[in-house]
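Participant: predicted model follows, preceded by the sequence.
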Amino acid sequence: MFPRVKGANDFFPSDFAALAKIIGQLSLACQKYGFNQVMAPSIETVKLLTAKSGEETKNQMFLLEKKSSEENALKYDLTVPMTRMFVSKQRELAKPVKWFSVDRMWRYEAPQQGREREFFQISVESFGSDKPEADAEIINLFIDCLLSTGLKDKEFVLKVNHRKLLEGILQDIVPKGKTEAAMRIIDKSAKLEEQQFFAEMEKAGIDNTRAARIKHATDINGTLDEVDKKIAKHLELNELALEGWKNLKAALSMVKHKNVRVDLSIARGLAYYTGCVFEAFDTEGVFRALGAGGRYDQLVQLLGGEACPATGFAIGYSTLSLLLQHHKRFPQAALGPDYSIVPLNEEMLPEALKLAHQLREKYTVDIDIMRRKIGKQFDYANGIGAKKVIVVGPEEIKSKKFTVKDMKTGKEEKKKLAEL
């Protein structure tokens with residue numbers, strides 16, 4: 001027996017049915033906001049995949065064998081391939097361009113709960129608007145996507161920040177050239193003990209006095225009104241930080257949901273984020289981030305397009321499914337057919353097949369293909385979860401009435417074909 005690859009999952013019928021249902025819920029939420037579905041190839045060039053994050057991302061890629069001058073890899077996110085698609089038709093597309101994609105991706109990293117080497121993700125991208133209402137739409141859609149799967153507002157929180165606000169604060173604290181290093185440490189600060197936080201800052205060339213000021217600022221969180229008061233009381237914002245704060249307030253004023261919190265420790269490690277950034281977590285703090293996103297106004301140009309603002313998000317299926325299971329709201333698909341047809345003997349098989357063909361115009365129908373005795377056929381129908389069983393025998397053919405058994409109640413009744 002061969003084991004499955006570490007970090008990859010088998011989807012048996014019930015697993016796949018649950019996946020399909022959740023994907024359907026997420027897709028419908030996107031469509032309600034006017035987003036259209038697209039799909040990019042599984043294989044992209046290494047040059048493209050490393051464009052936004054550099055050569056170090058190669059360590060996370062499943063690289064394909066190099067053929068001639070071609071160097072390709074399996075995609076590890078959807079934003080870059082979707083942006084490449086946008087660039088290829090940028091001039092002919094009406095703006096804003098609103099797309100989403102649901103697909104599987106691959107990352108070579110240590111598997112753990114909620115993180116796998118092969119995984120499904122929904123990615124939503126909006127190209128063309130630099131206005132705060134575009135950020136608000138993306139945030140509203142992000143939350144509605146999670147709610148569409150059965151989660152409740154109280155079961156997750158969306159933490160929001162603005163890169164310009166954070167960068168402006170850091171400009172007044174850290175030595176020149178250290179802003180990006182400080183950002184990376186802030187981005188993982190939730191996983192660090194206080195002592196580790198200061199040690200990491202010192203290693204990056206930021207002394208304890210400056211690190212304490214950073215921690216004081218990035219500990220600020222709460223509702224929009226609460227954070228507004230805390231900033232006014234504890235921070236003096238420079239021009240860059242003030243621009244970010246005004247933009248964030250404008251966007252959040254158009255967000256309809258109440259489970260949004262401003263958190264100045266949200267940095268998003270990827271260097272290409274330029275504006276609003278956000279991450280969603282379960283309120284109990286049991287799982288990894290459910291999803292994340294933000295504004296990335298430089299990526300289109302980086303991939304060879306004309307300068308164009310963009311914003312978006314991604315939600316991973318792995319952590320989302322774990323949280324739904326935790327709250328006992330993971331879809332339980334009823335896989336059994338509407339009818340299972342039981343021919344009494346081999347002579348009845350043609351009539352049974354004829355009946356199956358007729359019923360399949362409206363229903364899901366199974367029929368025995370192993371020529372078993374009637375008792376075994378009933379066992380099989382019960383095993384696959386058939387809702388009803390129809391017996392086809394000489395008497396049924398002659399009277400043109402079929403014996404139908406409800407497998408849940410055990411009730412039997414005679415019905416004409418038209419009544420079925």
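Facilitator: Structure received. Numbers count the residues shown, from 1 in each chain.
Participant: quickly find the element holding the closest residue in space to residue 412 that isn't next to it in sequence.
Facilitator: Beyond its immediate neighbours in the sequence, the residue positioned closest to residue 412 (Cβ to Cβ, 6 or more residues apart in numbering) is residue 405, lying 4.8 Å away. Any C-beta I mention is one placed from the backbone N, CA and C, and that applies to glycine too. Applying DSSP states H and E as the criterion places residue 405 in strand 401-406.
Participant: go on, residue 135?
Facilitator: Element membership of residue 135 [criterion: DSSP H and E] is helix 132-148.
Participant: now residue 94
Facilitator: Taking DSSP H and E as the definition, residue 94 sits outside all helices and strands.
Participant: quick check: it vs residue 140, distance?
Facilitator: The spacing between residue 94 and residue 140, counted by Cβ to Cβ, to the nearest Å, is 22 Å.
Participant: which residues does the residue nearest to residue 412 bridge with?
Facilitator: According to DSSP bridges, the partner residues bridging residue 405 are residue 389, residue 412.
Participant: state the distance from it to residue 103.
Facilitator: Using Cβ to Cβ, one gets 43 Å for the distance from residue 405 to residue 103.
Participant: still on that earlier bit, of residue 94 and residue 140, who's got more company?
Facilitator: Higher neighbour count among residue 94 and residue 140: residue 140, with 17 against 6, using other Cβ atoms under 10 Å.
Participant: buried sites along stretch 214-232?
Facilitator: If you call a residue buried by 16 or more other Cβ atoms under 10 Å, then stretch 214-232 has these buried ones: 214, 215, 217, 218, 220, 221, 227, 230, 231.
Participant: next: stretch 49-61.
Facilitator: Taking 16+ other Cβ under 10 Å as the neighbour-count basis, stretch 49-61 is seen to contain the buried residues 49, 50, 51, 52, 53, 57, 60, 61.
Participant: tell me which residues are up against that stretch.
Facilitator: Residues outside stretch 49-61 that contact it (Cβ atoms under 8 Å, 6 or more residues apart in numbering) are 46, 73-76, 80, 106-109, 270-272, 299, 302-303.
Participant: just the buried ones from those residues?
Facilitator: Restricting these to buried positions leaves 46, 73, 74, 75, 76, 80, 106, 107, 270, 272, 299, 303, with burial counted as 16+ other Cβ under 10 Å.
Participant: how much space between the closest residue to the fifth one other than its chain neighbours and residue 57?
Facilitator: Spatial nearest neighbour of residue 76, excluding adjacent residues (Cβ to Cβ, 6+ apart): residue 107 at 4.7 Å. With distances defined as Cβ to Cβ, the gap from residue 107 to residue 57 amounts to 9 Å.
Participant: now the common contact residues for these two.
Facilitator: Listed as contacting both residue 107 and residue 57 by Cβ under 8 Å, 6+ apart are residue 76.
Participant: okay, now the unreliable bits of the stretch 51-200 of the chain?
Facilitator: Judged against pLDDT under 70, the low-scoring parts of the stretch 51-200 of the chain cover residues 54-56.
Participant: mind listing the helices for it?
Facilitator: Read by DSSP state H, counting those that start in this stretch, the stretch 51-200 of the chain holds these helices, from start to end of the chain: 79-88, 132-148, 163-171, 179-187, 194-203.
Participant: next one: the stretch 301-420 of the chain
Facilitator: Listed in chain order, the helices of the stretch 301-420 of the chain (DSSP H, counting those that start in this stretch) span 317-326, 349-359, 374-383, 394-399.
Participant: who wins for proximity to residue 158 among the ones you listed?
Facilitator: Across those, the minimum distance to residue 158, taken as Cβ to Cβ, is reached by helix 317-326, at 13.9 Å.
Participant: tell me which residues of the closest one come out buried.
Facilitator: Of the residues in helix 317-326, those buried under the neighbour-count criterion (16+ other Cβ under 10 Å) are 317, 318, 319, 320, 321, 322, 323, 324.
Participant: what's the answer for stretch 280-299, then?
Facilitator: 280-282, 287-299.
Participant: the residue nearest the centre of the chain pairs with what?
Facilitator: Averaging the C-alpha coordinates of the chain gives a centre point, and the residue nearest to it by Cα atoms, centre = their mean is residue 315 (2.5 Å). Judged by DSSP bridges, the bridge partners of residue 315 are residue 122, residue 291.
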